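Enquirer: Got a sequence here, can you build the structure:
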Amino acid sequence: MKWILYVLLLTLIWGTETPKQETERPNILFIAVDDLNDWTSLFDADHPIKIPNIEQLAARGAFFRRAYCSSPACNPSRASIMTGTRPHKTGIYGNASDWRSALPEATTLQKFFKDRGYFVGGAGKIFHHHRDWAYHDNASFHEYLMMSINEPYPPQKLNGLADYGSRNTDWGPWPERVEETADFRTAEYATQFLQRRHDQPFFLNIGIYKPHSPFFAPAEYFAAYPGEQLVMPNRKADDWEDLPSGAEELMRNKKWFWNGMMKALRENPNAWRDYVRAYQACAGFADDMIGRVIAALDASPYRDNTIIVLWSDHGFHLGEKDHFEKFALWEKTNHIPYIIIAPGVTSPGMVLEQPVDLTSLYPTLVDLCGFAVPESLDGISLVPVLKDSTITLPPALMTYGRDNHALRTERWRYIRYRDGSEELYDHTRDPNEWDNLADRPEYRKIMDELARQLPTESAEPVADL
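Expert: Numbering: from 1, shown residues only. Prediction:
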């Protein structure tokens, strides 16, 4: 590949010379991936979505097999990560919630490091891109590559389904050249950033937008998933029969996507398959862009003194439980990749089984870099677990909307909705979450124990921007 030759050239340019940075504190490469779920080879070699670059990255350090977002939507998830707060404490529940007005005094993760001598740069999607960068936090960065995250749209929808959703409810090979994509420009920014000489430690933010919709990627990435070999997601036809009233209420405004797909199938019997194939192609494209970034780091003098963290803001449904997109509290919507490589702390091939959520990210990076963890943060540092994998942690907590919460232990997913209705799934025997156990008396004690660990109060929703 051209980019491999390019990285070899960078290695020759740099040679063995290492720039002297003002302190011995490690650099940080912070990689966000949008909408990447767990149906990948990172979690199981037999899964259909192949992401070899992310797999190789995980092999270099610690991979948290049971990692979860704190909220299954872009804005509340990213606001939670970047401010170290939980949605139920801030009222940031939706993609339009004005996170900065809710937390006017909060020091973002990036600003924390900027205030302590780090050079902070970035490109792509880090904060939620609501209303044309309105949620971007300029004060958190020294420099940022501002650009349109969506590539230029084709003249008309590629899927031919003009009445289905918006322009983003589209999929297919586009554009012709990878260089036209926003994620390629983000990867190029990272490469150029890593070519520069930095006299102070840096915090490099790289936000890969795919596989977020529209599911566009150049044709070469679709070729990796030929239609005749396509694997479709697991689905149970009567999956909604044992769901409680709270689930029905929470998902009421989300059924348009499933209903729209059922209508689309009457127009194009391959619509669902094409949708799934396009998601897989976009995930492969995202993996390729991440590979470019990691290769550029490895060719630079910063390889051995850079913490790498990779995460996705939430999971994604491709038709499981008759649902598409995110915005739910089930496993598929919340389960994410989470990788940490920390020189001198992590060892190659670490796989950690404790459930964790992404409120841990802020305190963990602060701790790894030798700073005191602010008491204002809701999450806990994972450094003790990275040093001793036998440590027990509290369950991972997820919130979507006011008073709707889920807990994940190594065995159980417990969901309680605002109206008090519940779901319970035993992941030792039911990884698809097809059998809701909440109505069975023999599980009442387990649910009561889990319920005691849920928040008892929830903030009022903040105003939308």
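Enquirer: pLDDT weak spots in this structure?
Expert: Across the chain, residues meeting the criterion (pLDDT under 70) sit at 1-23.
Enquirer: now do 80
Expert: Along the chain, the model assigns pLDDT under 80 to residues 1-23, 130-133, 149-151.
Enquirer: quick one, what contacts the residue lying closest to R66 once chain neighbours are set aside?
Expert: With Cβ to Cβ, 6 or more residues apart in numbering as the measure, P355 is the residue that lies nearest to R66, at 4.3 Å, once sequence neighbours are left out. Glycine gets a C-beta too; all of them are placed from N, C-alpha and C. P355 sits next to 66-68, 393, 395-396, 408-410 when contact means Cβ atoms under 8 Å, 6 or more residues apart in numbering.
Enquirer: So which of those residues sit within strands?
Expert: The strands, defined by DSSP state E, take in 67-68, 396, 408 from those.
Enquirer: And the residue nearest to R66, how far from N37?
Expert: For P355, the distance to N37 (Cβ to Cβ, to the nearest Å) stands at 17 Å.
Enquirer: Quote the end-to-end distance of stretch 393-410.
Expert: Taking Cα to Cα, to the nearest Å, the span from the opening residue of stretch 393-410 to its closing residue is 10 Å.
Enquirer: Report the buried residues of that stretch.
Expert: Across stretch 393-410, burial judged by 16 or more other Cβ atoms under 10 Å covers 393, 395-401, 403-409.
Enquirer: Now the two most distant members of those.
Expert: Longest distance between any two of the buried residues of stretch 393-410 is 25.1 Å, between L393 and G401; criterion Cβ to Cβ.
Enquirer: Can you tell me which of the ones in strands among the contacts of P355 comes closest to L204?
Expert: A67 (21.5 Å).
Enquirer: So which residues make contact with stretch 270-285?
Expert: For stretch 270-285, the external contacting residues (Cβ under 8 Å, 6+ apart) are 36, 40, 48-51, 159, 161, 171-173, 178, 181, 183, 210-212, 215-218, 221-222, 224-225, 227, 230, 232-233, 261, 264-265, 268, 316, 318-319, 324.
Enquirer: I'd like to know which of those residues are buried.
Expert: Listed as buried from these are 36, 40, 48-51, 159, 161, 171-173, 178, 181, 183, 210-212, 215-218, 221-222, 225, 233, 261, 264, 316, 318-319, 324; burial here means 16+ other Cβ under 10 Å.
Enquirer: Now the closest residue to N27 other than its chain neighbours. Its backbone dihedrals?
Expert: Nearest residue to N27 in three dimensions, chain neighbours excluded: T306, at 4.2 Å (Cβ to Cβ, 6+ apart). With angles defined as degrees, to the nearest 10, T306 sits at phi -130, psi 120.
Enquirer: now G207
Expert: Geometry field for G207 lists phi and psi as phi -110, psi 100, criterion degrees, to the nearest 10.
Enquirer: Let me know whether it touches A123 as I believe.
Expert: Yes. If you go by Cβ atoms under 8 Å, G207 and A123 touch, sitting 7.0 Å apart.
Enquirer: who's more crowded, the two?
Expert: Neighbours were counted for G207 and for A123 using other Cβ atoms under 10 Å; A123 has more, 25 against 22.
Enquirer: Surely that one forms part of a strand?
Expert: Yes. With DSSP: H, G, I helix; E, B strand; the rest coil as the criterion, A123 is assigned to a strand.
Enquirer: just to revisit the earlier point, in helices, which of the contacts of stretch 270-285 fall?
Expert: Among these, the ones falling in helices (DSSP state H) are 183, 221-222, 261, 264-265.
Enquirer: need the residues you listed in CSV with distance to V293, can you?
Expert: Conversion of the ones in helices among the contacts of stretch 270-285 to CSV gives the following (distance: Cβ to Cβ, whole Å):
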residue, distance to V293
D183, 10
Y221, 17
F222, 22
M261, 34
A264, 35
L265, 38
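Enquirer: out of the residues you listed, who's nearest P374?
Expert: Checking the ones in helices among the contacts of stretch 270-285 one by one against P374 (Cβ to Cβ), the nearest turns out to be D183, at 32.3 Å.
Enquirer: what are the phi and psi angles of A328?
Expert: Residue torsions, per degrees, to the nearest 10, at A328 are phi -150, psi 170.
Enquirer: er, D38 actually
Expert: phi -100, psi 10.
Enquirer: any idea which helix or strand comes after the helix ranked longest in the chain?
Expert: Longest helix in the chain by number of residues (criterion: DSSP H): helix 271-298. Per DSSP states H and E, the first helix or strand lying C-terminal to helix 271-298 is strand 306-312.
Enquirer: my guess is K254 meets A328, correct?
Expert: Yes. Applying Cβ under 8 Å, one finds K254 in contact with A328, separated by 7.2 Å.
Enquirer: okay, those two: which has more neighbours?
Expert: The neighbour comparison of K254 against A328 (other Cβ under 10 Å) goes to A328, with 26 against 15.
Enquirer: I'd say the more buried one and R252 touch.
Expert: No. The pair A328 and R252 does not pass the contact test of Cβ under 8 Å, sitting 11.7 Å apart.
Enquirer: For the residue nearest to the spatial centre of the chain, which residues are in contact?
Expert: Nearest to the mean C-alpha position of the chain, counting by Cα atoms, centre = their mean, stands S312 at 1.2 Å. Shown in contact with S312 (Cβ under 8 Å, 6+ apart): 32-37, 69, 336-338.
Enquirer: Which residue is the nearest non-sequential neighbour of S213?
Expert: N168 (4.8 Å).
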